[in-house]
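Colleague: Test case, fold it:
(chains A and B)
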Protein chains: 2
Amino acid sequence: MTAAKKTVPALEVNRERLWARHMAMARIGAIEGDGSCRLAMTAEDAEARALLAGWCRDAGLELHVDRAGNMFAVRAGSDPARKAVACGSHLDTQPHGGRFDGVSGVLAGLEVIETLAEAEIATAAPVAVVNWTNEEGVRYAPGLLGSAWYSGLIGDDDLSNLRASDGTSFDEEARHRGWLGETSVKFPVEAFLELHIEQGPILEREARQVGIVTSVQGLTWLDVRVLGTDAHAGTTPLDHRQDALLAAARMLEALNEAGRDHSSAARVSVGRLRTATDGPSTIVGEANFVIDIRHPDPSTLAELGTRCAEICQSVGSRSGCRTSVTQRISVPPTKFDRRCIEALEAGAVRRKYSYRQIPSGALHDASNVARVVPTAMVFVPCRGGISHNVAEYASPEDLAAGTNVLLDAVVQLAS
Amino acid sequence: MTAAKKTVPALEVNRERLWARHMAMARIGAIEGDGSCRLAMTAEDAEARALLAGWCRDAGLELHVDRAGNMFAVRAGSDPARKAVACGSHLDTQPHGGRFDGVSGVLAGLEVIETLAEAEIATAAPVAVVNWTNEEGVRYAPGLLGSAWYSGLIGDDDLSNLRASDGTSFDEEARHRGWLGETSVKFPVEAFLELHIEQGPILEREARQVGIVTSVQGLTWLDVRVLGTDAHAGTTPLDHRQDALLAAARMLEALNEAGRDHSSAARVSVGRLRTATDGPSTIVGEANFVIDIRHPDPSTLAELGTRCAEICQSVGSRSGCRTSVTQRISVPPTKFDRRCIEALEAGAVRRKYSYRQIPSGALHDASNVARVVPTAMVFVPCRGGISHNVAEYASPEDLAAGTNVLLDAVVQLAS
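Modeller: Residues are numbered from 1 along each chain as shown, chains lettered A, B, ... in the order given. Below you'll find the predicted structure:
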């Protein structure tokens, strides 16, 4: 039987159903301004999981929940030797999050399965939709928790020892909410595809419907400590100061210039800057900040890190301050699986969507899963590149286009 | 009788006693590293007041405590029509304060009176030592509280309504500690002199023993709000950002340059900078900071304020951010009394001290008192210009020299 080949060209996901489910999900933990707040393993997260589970049950899928609370809802395949082709993302959100980050990837996975079922298309491999636990990492650090456990980056003990900022244990809370699975066995997957909003402005700016994600940028965080001398703003002449905040300000400007001069793929950012004193009349004697550096190429990433550290040392010295730079974390770039990328790209080509290959600037569950399973991602544009914000928006048309690409890739990979 | 004229050239304060009293006072609320912590109207402040009151009693002085807890210990004069010539400062400290800021001014006042008494020098006017309440403003805002009440800047009701950050009422706490006076009458003073450590590096750098303070710089605080757009550090290209923290950093650098270019008397500082977000991976959408601007001349101060606001607007606009600048406070410069200044300067000349005239960069109780009473100040050098810090240090020799200058001025003004 070659049902897939015959029907794929005409096969379309149901745009209205996909959109309506986004809106239904957004009513759980709704906050002002069309936003959502569903922190992992809260009552809101549990309600969102129950809504998804109900839709999966209605679609005749079999639900598996593991030790980390990850949900796998499966449509059986015809070949008992095959592992599942899985699609998904996460249902938890930022505290002032939007309606699409994560949610779209889960609902796209379900939409793919329902479209296959309605068209009565059999696949050799089972097809699963996944909801990874605690991607955002707001309530339980680190983020990407469920996929980190799935890919072996953390173990059962790490989950048992995990506590929220309010002291509640992950295990107890997950059990209390009804979403702590019994099994530590990882649900068998042979390919993983994640649809996600871009969370950046590139697709919108270039008027692309779809981005085929080839890699995830590597990330380095450098902790910078600048030591000057506390002094009185009124009594200390300007040429007699070791002003750590002024030195840090000069570093921020020089770091930004270095990033701009390097390449369009380079990202050099400072989002956290703290001072040891906070008095308007006290010259700051100590300032600390974190440099977030990203690049898709590992050696370029390392080179950028070295350059940033040199800049801080040099500017600090010129400003009369002592500067120390230490690496806090470094996550290597992820290259996605060629076969998965090609399967997604083939769908975009076949459907004549405007698309481009794109690296992901943000980490995703797919970055973890890619360590153990062939993986790729598809991006859909989001308005103004805005995410982690109630104003986050992706259009029904773009969501459907991205999900059609996912559908084609699933059919190909699961055949 | 002209006792003063005969004895002044030989008169010297007792350096050992003055130093020993500093060390005795520093044992109250002592903290690690030779520091002191005596916040206003705490048990430590009450103990320091009791120690001072005991010394004053032993010296035969009459103690008056007013509605604001200000202490006036008085040696009588020979002319019943004269008001007092008063010297003093404050015994309260910063939470991690030193042994000299404030304390030296009070102990110098007491030392002047004891020296006069031991030499049996009569003065026409009474001579008083003053301890002003809550100069530092740590526990009760604003600072300079006792002198603000004394000079009529705040009234009895303001004291009654005043609460500490921990909720305790000023009146209740002062009464509880035994230092709430009954009277709202301001103790009559005809001249006020305050000795204080410089809190800056100028006297030390120029190897001067004494600074004759002619004025207190005016002060303007500008609140600057920079609005950009929150964005993801990984996904947002560097040329597509409205980074409010980066814009603020550029402003800080430009403001510092403007201050340096202006004049050596200009002070332009930023000691408080806060961001609306604090995530290392989130481009900052809002940054707020306070510019502290000082100059001894009122029209130059106003001109500097305008220039700083223009710089922020211009840099903000070039950085793609909206910027608002509002004036929070503006304290005009204080010019001290010519006769008081001349009395102090005459002492420095007579004793052949290396001295200079100097404006005060910091506000002092003298700034308030000068509104209602002829006033001036004398500065003594402090090591490295450091104050508001446990490392604060003034030498016994410099403290004695400053107190000798005070002694000569008191003899002259009270004659």
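
Colleague: going forward, measure contacts and count neighbours with C-alpha atoms only.
Modeller: Fine.

Colleague: who in the stretch 251-400 of chain A is up against chain B?
Modeller: Applying Cα under 8 Å from any Cα of the partner chain, one finds that the stretch 251-400 of chain A approaches chain B through A:252-253, A:256, A:259-260, A:264-275, A:277-284, A:290-292, A:294, A:360-362, A:385-387.

Colleague: hmm, which of those residues are the buried ones?
Modeller: A:252-253, A:256, A:259-260, A:265-275, A:277-284, A:290-292, A:294, A:360-362, A:385-387 (16 or more other Cα atoms under 10 Å in any protein chain shown).

Colleague: Leaving out sequence neighbours, find the closest residue to A:Met251.
Modeller: Once flanking residues are discounted, A:Met251 sits nearest to A:Cys312: 5.7 Å by Cα to Cα, 6 or more residues apart in numbering or on different chains.

Colleague: Which elements pack onto whichever strand or helix holds A:Arg49?
Modeller: Per DSSP states H and E: A:Arg49 is located in helix A:43-58. Contacts defined by 3 or more Cα pairs under 8 Å, 6 or more residues apart in numbering or on different chains; DSSP states H and E place helix A:43-58 against strand A:62-65.

Colleague: just checking, next helix/strand downstream of the strand it packs on?
Modeller: Next along from strand A:62-65, by DSSP H and E: strand A:71-75.

Colleague: Give the other helices and strands that that following strand contacts.
Modeller: Using 3+ Cα pairs under 8 Å, 6+ apart: strand A:71-75 touches strand A:62-65, strand A:127-131.

Colleague: Let me know the average pLDDT across the longest one.
Modeller: The reference is to strand A:127-131. Averaging pLDDT along strand A:127-131 gives 98.

Colleague: list the helices and strands it packs on?
Modeller: Against strand A:127-131 (3+ Cα pairs under 8 Å, 6+ apart) you get strand A:71-75, strand A:84-89, helix A:103-118.

Colleague: What strands line up against the second one, and which way round?
Modeller: Think strand A:84-89. Using DSSP bridges, strand A:84-89 pairs in its sheet with strand A:127-131 (parallel), strand A:189-197 (parallel).

Colleague: what's the domain layout of chain A?
Modeller: Taking automatic domain parsing as the criterion, chain A consists of the domains A:3-216+A:333-414, A:218-331.

Colleague: all helices in chain A, in order from the N-terminus.
Modeller: Using DSSP state H, the helices of chain A run over A:3-7, A:15-26, A:43-58, A:103-118, A:145-150, A:156-161, A:170-176, A:202-205, A:244-262, A:298-318, A:338-350, A:365-369, A:396-414.

Colleague: Please save the CA atoms from stretch A:388-406 in CSV.
Modeller: Extracted C-alpha coordinates of stretch A:388-406, given in CSV (Å, rounded to 0.1, in the frame of the first residue of the first chain):
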residue,chain,number,x,y,z
HIS,A,388,8.3,35.9,26.0
ASN,A,389,5.7,38.6,25.9
VAL,A,390,1.9,38.8,25.9
ALA,A,391,2.1,40.6,22.5
GLU,A,392,3.6,37.4,20.9
TYR,A,393,1.7,36.6,17.6
ALA,A,394,1.8,34.1,14.8
SER,A,395,-0.8,34.1,12.1
PRO,A,396,-3.2,31.2,11.4
GLU,A,397,-1.8,31.0,7.8
ASP,A,398,1.8,30.8,8.9
LEU,A,399,1.1,28.3,11.6
ALA,A,400,-0.8,26.1,9.0
ALA,A,401,2.1,26.5,6.5
GLY,A,402,4.6,25.4,9.1
THR,A,403,2.4,22.5,10.1
ASN,A,404,2.0,21.4,6.5
VAL,A,405,5.8,21.2,6.2
LEU,A,406,5.9,19.2,9.3
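
Colleague: Please report the separation between the first and final residues of stretch A:90-99.
Modeller: 12 Å (Cα to Cα, to the nearest Å).

Colleague: A:Thr133 against A:Trp149, yeah?
Modeller: No. At 9.7 Å, A:Thr133 does not count as touching A:Trp149 under the criterion of Cα atoms under 8 Å.

Colleague: and those two? which has more neighbours close in?
Modeller: Using other Cα atoms under 10 Å in any protein chain shown as the criterion, A:Thr133 and A:Trp149 rank with A:Thr133 on top: 27 against 23.

Colleague: Can you tell me, leaving aside adjacent residues, what's nearest to that one?
Modeller: Closest to A:Thr133 by Cα to Cα, 6+ apart is A:Gly146, at 4.5 Å.

Colleague: unless I'm mixing things up, that neighbour is touching A:Glu135, no?
Modeller: Yes. Counting by Cα under 8 Å, A:Gly146 does reach A:Glu135; the two are 7.1 Å apart.

Colleague: what comes into contact with stretch A:329-337?
Modeller: By Cα atoms under 8 Å, 6 or more residues apart in numbering or on different chains, the surrounding residues in contact with stretch A:329-337 are A:213-222, A:295-298, A:367, A:370, A:374-376.

Colleague: so what's the residue nearest to A:Met251 up against?
Modeller: Counting by Cα under 8 Å, 6+ apart, A:Cys312 has contacts A:224, A:251, A:323, A:325.

Colleague: count of residues packed around the second one?
Modeller: So that's A:Met251. 24.

Colleague: Quick check: A:Leu61 touching A:Gly77?
Modeller: No. Using Cα under 8 Å as the test, A:Leu61 is too far from A:Gly77 to be in contact (11.6 Å).

Colleague: Neighbour count: the two, which is higher?
Modeller: More crowded of A:Leu61 and A:Gly77, by other Cα under 10 Å: A:Leu61, with 22 against 19.

Colleague: could you measure that one against A:Ile113, distance?
Modeller: Counting by Cα to Cα, the gap from A:Leu61 to A:Ile113 is 9 Å.
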